[in-house]
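Student: Turn this into a model:
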Amino acid sequence: MTDVRLYLHVGAPDPAWTDLLGSGERKRYEGMTHEAARGAFLAGRALARLGLSEAHPGTPPGGWRFQHGPHGKPYATPNRADGPRFNIAHTTGLVTCVVSSGPMKIGVDVERADRPVSHRRLAARYFDAREVESLAGLDDGEARRRFIDLWLLKESWLKALGIGIAGNLGNAAFVPDGPDRYCVAPDCPEELRGSDVRFWLGTAAEEFRLAVAVVTRAADPVLQIHAPGEVPISWERAFGG
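Tutor: Numbering: from 1, shown residues only. You can find the predicted model right below:
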């Protein structure tokens, strides 16, 4: 059975993690002037390296190198056809990384649950008309929460596919599937769908919302959580596309 591992980190990164960075990463890290950005970059790369080595113990954490696909998604080398995949996301206060033990496509996105956002304006601009309609009848607080969830689902899915969000947010559409639940729109473009997609959507540390997307034709993957004890996480939904 192929598993997907979700790693979470809160607070400042371990300074010893700088020893894991490659020369290019270290140069980039040392050139950053914004402390929060430096910390998120270091924690994300460290989680990726540690997680990749847990999935493939034959390569030590410092032995991985990273390149980028045509839309900017990083991938690990050595990158065997059956090798692990990873994806990183961060917001103020939390860094996350998902790692697969096999070649399935994976993505993660995270956001603060209390982030101020012009949800109705952004939904009208970027979302599918059915998603906009599903928000229209909700009070402002609930519509903002639902907007954030939809955005996380969309971005985790598009990150898994490695195609970027530009021009694709509306195509990666979800339709209501019962109270407080969504499923992938049946008329979603085939180039986005491609194969089965599964989502997890939940809350971490009571103040963050996060989504994980796994695109695979394999049997249902198992999501394993790797987080410090002070990062409680709960899943409200886990559904397929």
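
Student: Asp128 contacts Pro176, correct?
Tutor: No. Taking CB atoms under 8 Å as the definition, Asp128 is not a contact partner of Pro176, at 11.6 Å. The C-beta positions use only the backbone N, C-alpha and C, and glycine is treated the same way.

Student: between those two, who's got more neighbours?
Tutor: Counted by other CB atoms under 10 Å, Asp128 and Pro176 do not tie: Asp128 has more neighbours, with 21 against 14.

Student: how about the more buried one, what does it touch?
Tutor: 170-171, 173-174, 185 (CB atoms under 8 Å, 6 or more residues apart in numbering).

Student: Dump these to TSV, plus neighbour count and secondary structure.
Tutor: Shown next, in TSV, are these (neighbours: other CB atoms under 10 Å; DSSP: H, G, I helix; E, B strand; the rest coil):
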residue	neighbour count	secondary structure
Gly170	14	coil
Asn171	17	coil
Ala173	21	coil
Phe174	23	strand
Ala185	18	coil
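
Student: Give me the helices and strands touching the helix or strand of the chain with the lowest mean pLDDT, please.
Tutor: Across the helices and strands of the chain, mean pLDDT, DSSP states H and E gives its lowest value to helix 190-193, namely a mean of 71. On a contact count with 3 or more CB pairs under 8 Å, 6 or more residues apart in numbering; DSSP states H and E, helix 190-193 meets helix 140-161.

Student: All the helices of this structure, residue numbers only.
Tutor: For the chain, the helices defined by DSSP state H occupy 23-31, 35-55, 119-126, 129-136, 140-161, 190-193.

Student: what's the closest of those helices to Glu236?
Tutor: With respect to Glu236, and counting by CB to CB, the nearest of the helices of the chain is helix 140-161 at 8.9 Å.

Student: ok and that closest one relative to helix 129-136, angle-wise?
Tutor: Angle of helix 140-161 versus helix 129-136, following axes from the mean of the first three to the mean of the last three CA atoms, to 10 degrees, is 150 degrees.

Student: quick one, helix 140-161 and helix 119-126 angle?
Tutor: 40 degrees.

Student: From the chain's centroid, how far away is helix 140-161?
Tutor: 11 Å (CA atoms, centre = their mean, to the nearest Å).

Student: Spit out the contact partners of Pro60.
Tutor: Counted by CB under 8 Å, 6+ apart, Pro60 has contacts Ser53.

Student: what about it, distance to Arg45?
Tutor: 14 Å (CB to CB, to the nearest Å).

Student: Repeat that for Thr59.
Tutor: Distance, Thr59 to Arg45, by CB to CB: 15 Å.

Student: So between these two, which is more surrounded?
Tutor: Ranked by neighbour count (other CB under 10 Å), Thr59 and Arg45 place Arg45 first, with 27 against 18.

Student: residues near the residue nearest to that one when sequence neighbours are not counted, how many?
Tutor: Closest residue to Arg45 apart from its sequence neighbours, by CB to CB, 6 or more residues apart in numbering: Glu25 at 5.7 Å. Glu25 has 18 neighbours, counted by other CB under 10 Å.

Student: Appreciated, that's everything.
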